[in-house]
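Peer 1: here are the coordinates; sequence isn't available:
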């Protein structure tokens, strides 16, 4: 009798705690039509039709759990339409969805309270497209790579919050006006690994970051809207930087006035480099604003193991005074053929590109 009472109490408690919450394992394209259910992908899915996944109920969560939805360049990966609200789509990798029309990674029609977070959109026609009648849209923690038309297209959404995303393509703002959240530092890292949350990263943002907090000093305009706290990866505020290993002695720290170091162990990029385009693979650009700022790599015993003279456009190896495009102090070894397009001077001898050799002196 006691055992039955315990089971009854446990059942009541679990019902109160979980309510109507359900979890469904998802392994293929289909319709998500059970209200209050979290559909969790268990494997990668290749689209067999358009759309692959249809949100067909209220309070649906699609958790891709890091798996990929692959399109055939002529489809829509996920569509939410028909007036169903309170939808969450997260942790998805969406690739190759659409090549024309309204085809997109995610297409939204007549939905309210939609959150898209922590997902990647790669080589879609649109990453996310708002078709009509959508409100209360949150887009955060997403990365957009190589989408052929636009990363995001908003036509009707009027209440939105778009922040902490990486945009590598064009954007149509529509009526969406909120493109950053309140600046908070230290509580969590932004999508670039910086210490401050704010707005978004835009591939064509050219602002500076003189205090090194990972937030651009100037605002960024999206149509008629403004991102007041655009994310940035460039170190642009000082004439000289020094790099050191995390945990080692920090000599001449006063010459580096930034929040954070370049850590060799985990390559924290926020304060020192500009990522020209965040895609796979990405490109690190030194001195991306083309300022008169030299760059030095020091060796254990060499102060100028590698030196770049920005103003003269010359590179020195073991010298800080290169007098040619490339100046090397020390021996030079070439393991295969070396092609030289002009005359070559070696000591007192000149080897002519057209053929012949002249040496002077003894």
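Peer 2: Looks like it came in fine. Note that this is a predicted model, so its numbers are computed, not measured.

Peer 1: residues contacting the closest residue in space to residue 118 that isn't next to it in sequence?
Peer 2: Leaving aside its sequence neighbours, residue 118 sits nearest to residue 141 (C-beta to C-beta, 6 or more residues apart in numbering; 4.3 Å). C-beta here means a position set from N, CA and C on the backbone, and glycine is covered the same way. By C-beta atoms under 8 Å, 6 or more residues apart in numbering, the contact list for residue 141 reads 117, 118, 119, 164, 165, 191.

Peer 1: State the number of residues packed around residue 97.
Peer 2: Residues near residue 97, counting by other C-beta atoms under 10 Å, number 32.

Peer 1: Among the contacts of residue 141, which lie within strands?
Peer 2: Among these, the members falling in strands are residue 117 (criterion: DSSP state E).

Peer 1: quick one: low-confidence parts of the stretch 151-300 of the chain?
Peer 2: Within the stretch 151-300 of the chain, the segments meeting pLDDT under 70 span 187, 234-291.

Peer 1: run the last query once more with 90
Peer 2: Residue ranges of the stretch 151-300 of the chain with pLDDT under 90: 154-159, 169, 173-175, 186-190, 192-195, 203-204, 206-214, 232-300.

Peer 1: got it, and the stretch 1-150 of the chain?
Peer 2: Low-confidence segments of the stretch 1-150 of the chain (pLDDT under 90): 1-23, 47-51, 71-83, 96-104, 109-112, 123, 130-136, 145-148.

Peer 1: just the helices in it please.
Peer 2: Taking DSSP state H, counting those that start in this stretch to define them, one finds helices in the stretch 1-150 of the chain at 2-18.

Peer 1: which residues sit against stretch 326-334?
Peer 2: Counting by C-beta under 8 Å, 6+ apart, residues outside stretch 326-334 touching it are 314, 315, 316, 317, 318, 319, 321.

Peer 1: Need the max-distance pair from those.
Peer 2: Farthest pair in the contacts of stretch 326-334 (C-beta to C-beta) is 314 and 318. Separation: 13.7 Å.

Peer 1: Look at residue 311 and report its pLDDT.
Peer 2: Looking at residue 311, its pLDDT is 86.

Peer 1: Next up, the contacts around the closest residue to residue 149 other than its chain neighbours.
Peer 2: Of all residues not flanking residue 149 in the chain, residue 125 sits nearest, at 5.0 Å (C-beta to C-beta, 6+ apart). Taking C-beta under 8 Å, 6+ apart as the contact definition, residue 125 lies against 97, 98, 99, 100, 101, 103, 104, 147, 148, 149.

Peer 1: Neighbours of the fifth one, how many?
Peer 2: Residues lying near residue 101 (other C-beta under 10 Å) number 12.

Peer 1: ok, it - contacts?
Peer 2: By C-beta under 8 Å, 6+ apart, the neighbours of residue 101 are residue 125.

Peer 1: Can we start the residue count at 47 from this point?
Peer 2: From this message on, residue numbering opens at 47, which makes the last subject residue 147.

Peer 1: Please tell me how far the residue nearest to residue 164 sits from residue 154.
Peer 2: 18 Å (C-beta to C-beta, to the nearest Å).

Peer 1: Residue 231 against residue 244, yeah?
Peer 2: No: contact criterion C-beta atoms under 8 Å: residue 231 and residue 244 do not qualify, at 9.0 Å.

Peer 1: which of the contacts of residue 187 lies closest to residue 127?
Peer 2: Closest to residue 127, out of all of those and judged by C-beta to C-beta, is residue 165, at 19.0 Å.

Peer 1: what number of residues lie near that closest one?
Peer 2: Residues lying near residue 165 (other C-beta under 10 Å) number 27.

Peer 1: Wait, it touches residue 134, no?
Peer 2: No: judged on C-beta under 8 Å, residue 165 makes no contact with residue 134 at a distance of 10.9 Å.

Peer 1: Count residues in the vicinity of residue 118, would you?
Peer 2: Per other C-beta under 10 Å, the neighbour tally for residue 118 reads 15.

Peer 1: ok, it - contacts?
Peer 2: 92, 93, 142.

Peer 1: just checking, which of the residues you listed belong to strands?
Peer 2: residue 92.

Peer 1: Give the buried subset of the contacts of residue 118 as a ChimeraX selection command.
Peer 2: To isolate the buried members of the contacts of residue 118 in ChimeraX, using 16 or more other C-beta atoms under 10 Å:
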select :93,142
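
Peer 1: Format the contacts of residue 118 as JSON lines; extra columns: distance to residue 390.
Peer 2: Output for the contacts of residue 118, formatted as JSON lines (distance: C-beta to C-beta, whole Å):
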{"residue": "92", "distance to residue 390": "57"}
{"residue": "93", "distance to residue 390": "59"}
{"residue": "142", "distance to residue 390": "51"}
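
Peer 1: of the contacts of residue 118, closest to residue 386?
Peer 2: Distances from residue 386 to the contacts of residue 118, taken by C-beta to C-beta, are shortest for residue 142, at 45.9 Å.

Peer 1: wait, isn't that closest one in contact with residue 114?
Peer 2: No: using C-beta under 8 Å, residue 142 makes no contact with residue 114, being 9.7 Å away.

Peer 1: Which residues does stretch 349-365 contact?
Peer 2: With C-beta under 8 Å, 6+ apart, stretch 349-365 has contacts from 332-333, 336-345, 348, 366, 368-376.

Peer 1: Would you enumerate the residues in contact with residue 265?
Peer 2: Residue 265 makes contact with 272, 273, 274, 276, according to C-beta under 8 Å, 6+ apart.
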